[in-house]
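Colleague: show me how the following folds:
(2 chains)
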Number of protein chains: 2
Amino acid sequence: MNKVVIEKKILSENDQIAARLREALDGAGTLALNLISSPGSGKTLLLEKTLAALSRVYKDIRAAVLTGDIQTDNDARRLGRYGYPVRQITTAGACHLDARMIEKHSFGEPLDLLFIENVGNLVCPTSYDLGEDAKIVVLSVTEGEDKPLKYPGIFRKAELMILNKIDLLPYVPFDPQLALDNARQINPHIEVIETSCTTGAGLDLWLHWIASRAEKKKAIHAEEADHAAV
Amino acid sequence: MNKVVIEKKILSENDQIAARLREALDGAGTLALNLISSPGSGKTLLLEKTLAALSRVYKDIRAAVLTGDIQTDNDARRLGRYGYPVRQITTAGACHLDARMIEKHSFGEPLDLLFIENVGNLVCPTSYDLGEDAKIVVLSVTEGEDKPLKYPGIFRKAELMILNKIDLLPYVPFDPQLALDNARQINPHIEVIETSCTTGAGLDLWLHWIASRAEKKKAIHAEEADHAAV
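Modeller: The predicted structure follows:
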């Protein structure tokens, strides 16, 4: 078998597990969000701020985090301080999370919201369906406006682009409008939220995005449960 | 064949081509540097500043650049303005450069120095030998001090860490000493140069590092040519 055939086989096996995962998540009414970015774009701090805010503003949402890294459990320790269940997936060299890892580390308790923090890599995680409801790409303003054009795969598949670290805009040559134009050139439907975890800018919009998506998923779930009961 | 066996086979094929490349580069006395980093760490701008400085300070060095991206030839266009031959390698989805791509895009003319700008990815390029003399990892201060621990592969293999964008240090929570300690924990012999392409800080040290390495390679080459002539 050549490389392309093998890759297709691996991806098709992954898709089967992802379909099973998606069915389980849908069945439980759990909204799953798969966060993908370069290393150092600020995913972990964004999730820290998100968990802290959820615990204040949306106390009813039962959330959890799966965080992927090649090495270290630093992120799980950072994220574990907010009262939500957090599990570290250490990939031991693999450049992405796959559906089997998610299935293996699933939580036993009912959840409304599952954050999946992927390995820092703008390329490989894009190809692996994890059964999520939405992929979210995090781009920090220090990375340059050209990234959507240079890494089109993830920008094509993401529903939402979080433009992070906007507090650094005065110090870097970055034009947010150009970044957005580039992202929309790849994916005309991509939504955008600008955030700074230092100043807190945009975090309310992000929280609202999450809560309304979780609410919608819960409503669909309740409706389906009603149908099933009839 | 399972995934691990296939990966080993691909890497062993790559190693064979890389060995052939290394022999050719050694035979020509060409110093080849393989630059690896996250997307947006500033590799292209660093190379732009490097080519501009080489053309002023080290006019005798015959340099060239191979620049890898998944999509677009933006970088080749940026790098092509300094009077040196530049070729874009578009990987069309692949998350790294491999030795075959380098061989295919080799330059016909004699070179003292070949920069290889890898695809922006802190993981996958690490595994692919390109026949280079040294791997160089570029880490920008906006990415966090923990990256050497979370992505140990590249920090273990790199001879030099360029700590880039130090002009942003006043605006980000980043401790350069901690980043260095983390890098040395993975690789006690790694050298470090701090740079800013905005202020120009550290670029003289980087230029000197390159020139002395190129000089050394040339000297070894000349010595071997003498031996061969005897």
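
Colleague: please state the offset of stretch A:183-202 from the chain centre?
Modeller: 13 Å (CA atoms, centre = their mean, to the nearest Å).

Colleague: kindly report the same for stretch A:38-57.
Modeller: Distance, centroid of stretch A:38-57 to centroid of chain: 11 Å (CA atoms, centre = their mean).

Colleague: for stretch A:83-99, output the C-alpha coordinates as CSV.
Modeller: Extracted as CSV, the C-alpha positions of stretch A:83-99 are listed here (Å, rounded to 0.1, in the frame of the first residue of the first chain):
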residue,chain,number,x,y,z
GLY,A,83,-14.0,23.5,39.1
TYR,A,84,-14.7,21.7,35.9
PRO,A,85,-13.5,18.2,34.9
VAL,A,86,-10.3,18.4,32.8
ARG,A,87,-8.4,15.6,31.2
GLN,A,88,-5.0,15.8,29.5
ILE,A,89,-4.4,13.7,26.4
THR,A,90,-0.7,13.3,25.8
THR,A,91,-0.1,12.2,22.2
ALA,A,92,3.5,11.2,22.7
GLY,A,93,4.7,12.5,19.4
ALA,A,94,1.5,12.6,17.3
CYS,A,95,0.8,16.0,15.8
HIS,A,96,-3.0,15.9,16.2
LEU,A,97,-5.8,14.5,18.3
ASP,A,98,-7.8,11.7,16.7
ALA,A,99,-11.3,10.4,17.4
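
Colleague: near chain B at all, it?
Modeller: Yes: contact between stretch A:83-99 and chain B, assessed by CB under 8 Å from any CB of the partner chain, occurs at A:93, A:95. C-beta coordinates here come from the backbone N, C-alpha and C atoms, glycine included.

Colleague: pull out the buried positions in that stretch.
Modeller: Neighbour-count burial for stretch A:83-99 flags A:84-91, A:94-99 (criterion: 16 or more other CB atoms under 10 Å in any protein chain shown).

Colleague: closest one of those to chain B?
Modeller: Chain B lies nearest to residue A:95 out of these, by CB to the nearest CB, at 4.0 Å.

Colleague: so who does that closest one touch?
Modeller: By CB atoms under 8 Å, 6 or more residues apart in numbering or on different chains, the residues touching residue A:95 are A:70, A:119, A:121, A:123-125, B:95, B:121, B:123-124.

Colleague: cool, and residue A:140?
Modeller: By CB under 8 Å, 6+ apart, the neighbours of residue A:140 are A:37-38, A:40-42, A:163-165, A:168, B:40, B:142.

Colleague: quick one: the helices in chain A?
Modeller: For chain A, the helices defined by DSSP state H cover A:3-28, A:43-57, A:74-79, A:99-104, A:147-150, A:152-157, A:176-186, A:203-229.

Colleague: so which of the ones you listed is nearest residue B:182?
Modeller: Closest to residue B:182 of the helices of chain A is helix A:74-79 (CB to CB; 10.7 Å).

Colleague: quick one: mean pLDDT for the closest one?
Modeller: Average pLDDT, helix A:74-79: 96.

Colleague: CA atoms only: put that helix into PDB for me.
Modeller: Output of helix A:74-79 as PDB, limited to C-alpha atoms (Å, rounded to 0.1, in the frame of the first residue of the first chain):
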ATOM      1  CA  ASN A  74       0.900  21.700  32.000                       C
ATOM      2  CA  ASP A  75      -2.400  22.700  30.300                       C
ATOM      3  CA  ALA A  76      -4.600  20.300  32.300                       C
ATOM      4  CA  ARG A  77      -3.100  21.700  35.500                       C
ATOM      5  CA  ARG A  78      -3.800  25.200  34.400                       C
ATOM      6  CA  LEU A  79      -7.300  24.400  33.300                       C
END
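
Colleague: contact partners of it?
Modeller: With CB under 8 Å, 6+ apart, helix A:74-79 has contacts from A:44, A:47-48, A:51, A:65, A:67, A:69, A:86-88, A:117, B:146, B:149-150.

Colleague: 7 Å instead, please
Modeller: The contact list for helix A:74-79 (CB atoms under 7 Å, 6 or more residues apart in numbering or on different chains) reads A:44, A:47-48, A:51, A:65, A:67, A:69, A:86-88, A:117, B:146, B:150.

Colleague: how about stretch A:129-136?
Modeller: Contacts of stretch A:129-136 (CB under 7 Å, 6+ apart): A:14-15, A:18, A:21-22, A:25, A:31-36, A:97, A:99, A:102, A:116, A:157-160, A:162, A:217.

Colleague: do that again at 6 Å, thanks
Modeller: By CB atoms under 6 Å, 6 or more residues apart in numbering or on different chains, the residues outside stretch A:129-136 that reach it are A:15, A:18, A:21-22, A:25, A:31-36, A:99, A:102, A:116, A:157-160.

Colleague: circling back: show me the buried residues of stretch A:83-99 that map onto strands.
Modeller: A:86-90 (DSSP state E).

Colleague: and stretch A:103-119, anywhere near chain B?
Modeller: No: against chain B, stretch A:103-119 shows no contacts by CB under 6 Å from any CB of the partner chain, the least distance being 7.2 Å.

Colleague: alpha carbons of that stretch, as PDB, please.
Modeller: Extracted in PDB, the C-alpha atoms of stretch A:103-119 (Å, rounded to 0.1, in the frame of the first residue of the first chain):
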ATOM      1  CA  GLU A 103     -13.400   8.200  22.800                       C
ATOM      2  CA  LYS A 104     -10.800   6.800  25.200                       C
ATOM      3  CA  HIS A 105     -10.800   9.900  27.400                       C
ATOM      4  CA  SER A 106     -14.600  10.500  27.400                       C
ATOM      5  CA  PHE A 107     -16.200  11.600  30.600                       C
ATOM      6  CA  GLY A 108     -18.700   9.300  32.400                       C
ATOM      7  CA  GLU A 109     -20.900  12.200  33.600                       C
ATOM      8  CA  PRO A 110     -23.600  14.100  31.600                       C
ATOM      9  CA  LEU A 111     -22.200  17.200  29.900                       C
ATOM     10  CA  ASP A 112     -23.700  20.300  28.200                       C
ATOM     11  CA  LEU A 113     -20.400  21.500  26.800                       C
ATOM     12  CA  LEU A 114     -17.100  19.800  25.900                       C
ATOM     13  CA  PHE A 115     -14.100  21.900  24.900                       C
ATOM     14  CA  ILE A 116     -11.500  20.000  23.000                       C
ATOM     15  CA  GLU A 117      -8.100  21.900  22.900                       C
ATOM     16  CA  ASN A 118      -6.200  20.300  20.000                       C
ATOM     17  CA  VAL A 119      -2.400  20.000  19.700                       C
END
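
Colleague: residues touching that stretch, excluding its own?
Modeller: So stretch A:103-119 is contacted by A:17, A:21, A:28, A:30-36, A:43, A:47, A:61-68, A:85, A:87, A:89, A:96-97, A:125, A:130, A:214 (CB under 6 Å, 6+ apart).

Colleague: can you list the weak-confidence ranges in chain A?
Modeller: Across chain A, the ranges flagged by pLDDT under 70 are A:1-3, A:230.
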